[in-house]
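Undergrad: here is my input; please provide its structure:
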Amino acid sequence: MLNTKSNFSIDVISGFERKVELSMETDRYIVHTVSTPAQLEKLFRLRYEVFFKEIAGVENETGIDIDEFDLACDHIAVFDKAGENYVATYRLNSSLYSSRFYSQTEFDIDSILATPEVKLEIGRACVHRDHRRGIVLMLLWRGIVQYMKKIDARFLLGCSSVNTVDPQIIREVTHIFRRHYLSAPEFRVRPNPELAFSGIEDFVGEVTDNPSARLKELIPPLFATYLEAMSCRVCGDPAIDSFFKCTDFLILVDRQNLLDITRSRYDL
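TA: Numbers count the residues shown, from 1 in each chain. As a prediction, the model looks like this:
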């Protein structure tokens, strides 16, 4: 959830240190984990333009999007050589370097945290509106996969949003997830009580046997990519984000349970 009255100023990023070095390059783009406070500030300003001004339609006095998790994380970024600026970013929070995760602000994730293997939380996905094309998302994902391999992470997790608080859509999406995409029982989570949606069981209708087609109508393309291309699973019922007027689900990718085609595609 986004705080329009952030208690964090840009001055705090002077203490930022990169945890894992990663860099790739194409003819037009450079993908890397940022290494300096100045680079990090540019990502925070990009996030502000997208999350505050474009999505939420609000502004704050700082012109940045920053929270209490950012300095404990690495930040993967896509730099556009033609425009000489950053155009996309993901925040990467590893259990190797942090014991606190953004997902805990929305869900009880103790079942996942109890596993001994390395976990990587992704979040704050942000792409400039002029670069929302397949190549940029592909580069972000390629970077995330390489980061997973560098830290030998077994689990990839994060909050993924459906852009609605319409009760009937929430019910239908949740029941599709329950039937077709639910995680193993040992990885189930619960939304924090104040964010839970109480009407899930009131769903009226049939759950489709062709979930991919129906979900394309109901969820964002990036979320659908998680489900289909990365074989991710949904860990339980949703949390409601009233500020953004969206519905969040906790998703999980377990490297040990990937389909062969997924493992081959992403070299995992």
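Undergrad: in this structure, which spans are helices?
TA: 37-47, 110-113, 134-151, 167-176, 211-218, 221-229, 260-265 (DSSP state H).
Undergrad: helices and strands around the third one, which ones?
TA: Where contact means 3 or more CB pairs under 8 Å, 6 or more residues apart in numbering; DSSP states H and E, helix 134-151 is packed against strand 23-25, strand 29-33, strand 74-80, strand 85-94, strand 119-127. From N, CA and C alone the C-beta is placed, and that goes for glycine too.
Undergrad: how near is the residue nearest to Glu21 when sequence neighbours are not counted to Ser99?
TA: Leaving out its chain neighbours, the residue that sits closest to Glu21 by CB to CB, 6 or more residues apart in numbering is Thr33, at 6.3 Å. Distance of Thr33 to Ser99, given as CB to CB, to the nearest Å: 20 Å.
Undergrad: more neighbours: these two, which one.
TA: Set Thr33 next to Ser99 and count neighbours by other CB atoms under 10 Å: Thr33 wins out with 21 against 8.
Undergrad: quick one: residues contacting the more buried one.
TA: 18-23, 74-77, 92, 143, 147 (CB atoms under 8 Å, 6 or more residues apart in numbering).
Undergrad: and those residues as a markdown table, adding neighbour count and pLDDT?
TA: Below are those laid out as a markdown table (neighbours: other CB atoms under 10 Å; pLDDT from 0 to 100):
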| residue | neighbour count | pLDDT |
| --- | --- | --- |
| Arg18 | 16 | 97 |
| Lys19 | 17 | 97 |
| Val20 | 15 | 97 |
| Glu21 | 10 | 97 |
| Leu22 | 17 | 97 |
| Ser23 | 11 | 97 |
| Asp74 | 24 | 98 |
| His75 | 23 | 98 |
| Ile76 | 27 | 98 |
| Ala77 | 24 | 98 |
| Leu92 | 27 | 98 |
| Gly143 | 22 | 93 |
| Tyr147 | 22 | 96 |
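Undergrad: on that earlier part again, quick one: which of the helices of the chain is nearest Ala82?
TA: helix 134-151 (12.7 Å; CB to CB).
Undergrad: report the buried residues of that closest one.
TA: 136-137, 139-148, 151 (16 or more other CB atoms under 10 Å).
Undergrad: now that helix against strand 74-80, angle please.
TA: 150 degrees (axes from the mean of the first three to the mean of the last three CA atoms, to 10 degrees).
Undergrad: next one: phi and psi at the closest residue to Gln168 other than its chain neighbours?
TA: Once flanking residues are discounted, Gln168 sits nearest to Phe203: 7.8 Å by CB to CB, 6+ apart. Dihedral pair for Phe203: phi -60, psi 130, per degrees, to the nearest 10.
Undergrad: so how many other residues sit close to Phe203?
TA: Quick note: Phe203 (other CB under 10 Å) scores 18 neighbours.
Undergrad: returning to that earlier point: what's opposite the residue nearest to Glu21 in the beta bridge?
TA: Legend: beta-bridge partners of Thr33 under DSSP bridges are Ile76.
Undergrad: how close does it sit to Thr174?
TA: For Thr33, the distance to Thr174 (CB to CB) stands at 35 Å.
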